[in-house]
Structure formats: structure tokens, C-alpha cells
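A.B. asks: Predicted model and sequence below, questions to follow.
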Amino acid sequence: MFPTAIAGSLPKPSWLAETHKLWPQWKAQGDALREAKADATLLWIKAQEDAGLDIVGDGEQARQHFVHGFLEQVEGIDFANKVKMGIRNNRYDAMVPQVVAPLRLKGRVHAMEAQLARAHTTRKLKFTLPGPMTIVDTVADRFYGDKVKMAMAFAELLNQEALALQADGVDVIQFDEPAFNVYMQEAADWGVQALERAAQGLTCTTAVHICYGYGIEANVEWKKTLGDQWRQYEQVFPALARSSIDQVSLECFHSHVPMDLMKLLEGKDVMVGVIDVASDEVETPEQVADTIGRALQFVARERLIPCTNCGLAPMDRDIAMRKLQALAQGAALARQRHG
Ligand code: ZN
């Protein structure tokens, strides 16, 4: 009951990359960088196990950013000439690469860290990929001229890598779709369909993570404009409930998401965010167990996976570590209370 997991990313150690940044610069190059990425991956596998998490991941240590890490292995993208673009409906500006030709994978994207993680843990292994709609919202299109067409092209490439990750022994493949919370109608119209294309043929567990973003200032400011009740999930969850995706990761603790919206996901496993990533205050096990208790009103106990609200990448490493421990301890307490 209540197996614990994290949304995906973890802070990069200061010897690997700049800290507290969403697009950090690497501290090494070439072979030294490859080695450092592998070391950081192993370090976090061990740290997640030590914290007591049941489902562990690579912490996204080998990718600069959760979207651009994938794009770096895609042919047809001009990374040398990035342009400034407002993303997530102009919530903030980012320097994004441009799609300039038909998209094709150059080869495997995440083989190194997936195989390394698999070789070093016997726990369930989750691996994250960006979702097609969120990718489309994080690149400048100079070629396709049609969002849906481009999303489907990315979905095919994601599917190739996802099938390869499954062959590497990954147990859960999760697609990150924060854009679903920004373009709710489009998400229901074609976003979920593109997501299903990305997950086509997978026999491992499939998941989607939909959040209100990392704890960066632009997101904190945006959340202030969303009012007392955040009902974005209401438009997307029915389409997801009808989809073939097995699990949905959502934001809960400290958010203004009405908890009863989780009822819309009946039949799905729900990764309930019980750890806030926008605050450095470390949750107590009691707080975590209380959130789990409240969510049990709307999610069946065998379907509830306590999780973080989002990734922990820009966070202080020590605080992130303590939050992982709080997550595991809180889930243990909830097992005592509800077992
Ligand atoms: Zn997130």
C-alpha cells in the first residue's frame, strides 16, 4: 500500500552542473561530463533507496532540462541558433531551439542512464520523457507549420525511445505534460491522443505527469493569478480517464486544486503530490500522512501513490534529500493509520 515515487528530476550536484537553475551549464565536457552524469545518476539512485522510496529514477541527471535533454538527440532541430520565445502561454521567456527539417532520432537518447540505473537497483525503476504537447510548446517551429502535425511527429520519436527504455528494463515510463494545464481544451482535443501515440505498444506501466510547474518565480507569480480554486485538471482528466495511460501524477499539497477532482480519474493509479516543490520548508511525516488521508476520500487505497508535486531540480540538494525522507516516512505513517 502507498508505494512512494518522485515526479522525476532531482538537483544536480555542484560538481556536475550549476545549481538552483532550470537550464544549468555543465561543469565538464566530453568524457569527463559523461562520467560525471553517470556518477550523479548512481548517487541519486542510492539516495532514493536510502530515503526509503519504493519506485526510483535517474533524477534526470544526464539531461540539462526535461525537454531539451530529449531534443538534443533529434535530427531536424537547430540547437546552434536558439531563439527567445514565450512559453506556457507566454508565462515566461526561454531560449528555445528551432525545428528546421523533418524530425528523426539520431539514436538512443537515454540508454546510458537507464541501463546504469537498471543495473544498480532492484527497485521499480521509473523513467521520464517530455510529452509531445509540452515539447511543441518548448521549441520554435520553422518547418511543420502545424502544431498537431509536429506533436505527432515528436510522439513517434518518443515512442521509439520509450520502447527502447522498456527493453532496457524500465518498469514505468512517464510523460511530462505541464502544457496540459495551460492549453486545457487543446489537451483534450489532441494532446491526449498525441500522448497515446507516444505510449503506443508499451506493455510496462505508463504514466503522465501534469503540474503547475517548478518552484521558479515565474510559476509562483502565475499561480497567484489562478484564483482560489485551480480547476484546470477538470477539463483534461475525463479525456485521460478514457485513455490507455495507466497512471496520472498531479499536484496536491499546498496547491489550490480541489481534491475531489481526483474522482475524475477513476480506474487510474493516482500519483498524489504530497511534497511541495515551491517551498524550502520540509514537510513533516504527519503532514504527508494527512494529505494521503484526505486523498483517500477520492482515490482507492490500492491506487494511491504518494509523490512529489513536481520535479525537485532547481532545489537545494540537502533540502531535496530531506523532502525525499519526509515522503517515505509520511507514507509509512499513512500505512500504519490506514493499514
Ligand atoms: Zn512538474
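C.D. replies: Perfect, thanks for sending it. Note that the structure is a prediction, hence the values are computed from the model and not measured.
A.B. asks: okay, now Gln115: neighbour count?
C.D. replies: By the measure other CB atoms under 10 Å, the count of residues near Gln115 is 15. The way it works is simple: take the backbone N, C-alpha and C, and place the C-beta from them, glycine included.
A.B. asks: is it true that it lies in a helix?
C.D. replies: Yes - according to DSSP: H, G, I helix; E, B strand; the rest coil, the state of Gln115 is that of a helix.
A.B. asks: ok, for Ala313, nearest residue in space, not its chain neighbours?
C.D. replies: Once its chain neighbours are removed from consideration, Ala313 has its nearest residue in Ser9; the separation is 3.8 Å (CB to CB, 6 or more residues apart in numbering).
A.B. asks: State the distance from the one you found to Pro285.
C.D. replies: In this view, Ser9 and Pro285 are 23 Å apart by CB to CB, to the nearest Å.
A.B. asks: now swap in Arg335 and tell me
C.D. replies: Between Arg335 and Pro285 the distance is 11 Å, computed by CB to CB.
A.B. asks: And the two? Which one has more around it.
C.D. replies: Summary of the neighbour comparison: Arg335 and Pro285, criterion other CB under 10 Å, with Pro285 having more neighbours (17 against 14).
A.B. asks: Would you confirm that the more buried one contacts Ala332?
C.D. replies: Yes - contact status for Pro285 versus Ala332: in contact at 7.4 Å, counting by CB atoms under 8 Å.
A.B. asks: contacting residues for Arg104?
C.D. replies: Contacts for Arg104 were tallied using CB atoms under 8 Å, 6 or more residues apart in numbering; they are 74-76, 157.
A.B. asks: can you give me the strands in this structure?
C.D. replies: Secondary structure of the chain (DSSP state E): strands located at 55-56, 74-87, 92-105, 124-130, 140-141, 172-176, 205-210, 247-250, 269-275, 304-308.
A.B. asks: Surely the residue nearest to Ala313 and Phe66 touch.
C.D. replies: Yes - with contacts counted by CB under 8 Å, Ser9 reaches Phe66, the gap being 6.1 Å.
A.B. asks: Now list whatever residues contact both of these two.
C.D. replies: The contact lists of Ser9 and Phe66 share 60, 128, 311, 313, where a contact means CB under 8 Å, 6+ apart.
A.B. asks: Adding distance to the ion, pLDDT and neighbour count, write those out as JSON lines.
C.D. replies: What follows is the shared contacts of Ser9 and Phe66, written out as JSON lines (distance: CB to the ion, whole Å; pLDDT from 0 to 100; neighbours: other CB atoms under 10 Å):
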{"residue": "Glu60", "distance to the ion": "11", "pLDDT": "98", "neighbour count": "26"}
{"residue": "Thr128", "distance to the ion": "10", "pLDDT": "98", "neighbour count": "28"}
{"residue": "Gly311", "distance to the ion": "6", "pLDDT": "96", "neighbour count": "27"}
{"residue": "Ala313", "distance to the ion": "10", "pLDDT": "94", "neighbour count": "28"}
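A.B. asks: Going by distance to Gln229, which of those wins?
C.D. replies: Ranked by distance to Gln229 (CB to CB), the shared contacts of Ser9 and Phe66 are led by Gly311 at 24.5 Å.
A.B. asks: Relative to the ion, how far out is the nearest residue to that closest one once chain neighbours are set aside?
C.D. replies: Spatial nearest neighbour of Gly311, chain neighbours left out: Ser9 (3.2 Å); criterion: CB to CB, 6+ apart. With distances taken as CB to the ion, to the nearest Å, Ser9 is found 8 Å from the ion.
A.B. asks: Give me the phi and psi angles of Ser9.
C.D. replies: Listed backbone geometry of Ser9 is phi -80, psi 150, with angles given as degrees, to the nearest 10.
A.B. asks: Now do the contacts for Phe127.
C.D. replies: For Phe127, the set of contacting residues under the criterion of CB under 8 Å, 6+ apart consists of 57-58, 110, 114, 117, 165, 170, 172-174.
A.B. asks: same for the ion: which of those residues are within range?
C.D. replies: Cross-checking these against the ion (CB under 5 Å from the ion) gives no overlapping residues.
A.B. asks: Select only the buried ones of these in PyMOL?
C.D. replies: Buried residues within those, by 16 or more other CB atoms under 10 Å, are selected in PyMOL with:
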select buried, resi 57+58+110+114+117+165+170+172+173+174
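A.B. asks: Out of the contacts of Phe127, flag the one nearest to the ion.
C.D. replies: Relative to the ion, the closest of the contacts of Phe127 is Gln174; by CB to the ion it sits at 10.4 Å.
A.B. asks: What about the closest residue to that closest one other than its chain neighbours, how many residues nearby?
C.D. replies: Leaving out its chain neighbours, the residue that sits closest to Gln174 by CB to CB, 6+ apart is Ala207, at 3.9 Å. Other residues near Ala207 come to 26 when the count uses other CB under 10 Å.
A.B. asks: show me what contacts Ala207?
C.D. replies: Ala207 sits next to 126, 172-175, 245-249, 269, 271 when contact means CB under 8 Å, 6+ apart.
A.B. asks: switch the cut-off to 7 Å
C.D. replies: Listed by CB atoms under 7 Å, 6 or more residues apart in numbering, the contact partners of Ala207 are 172, 174, 245-247, 249.
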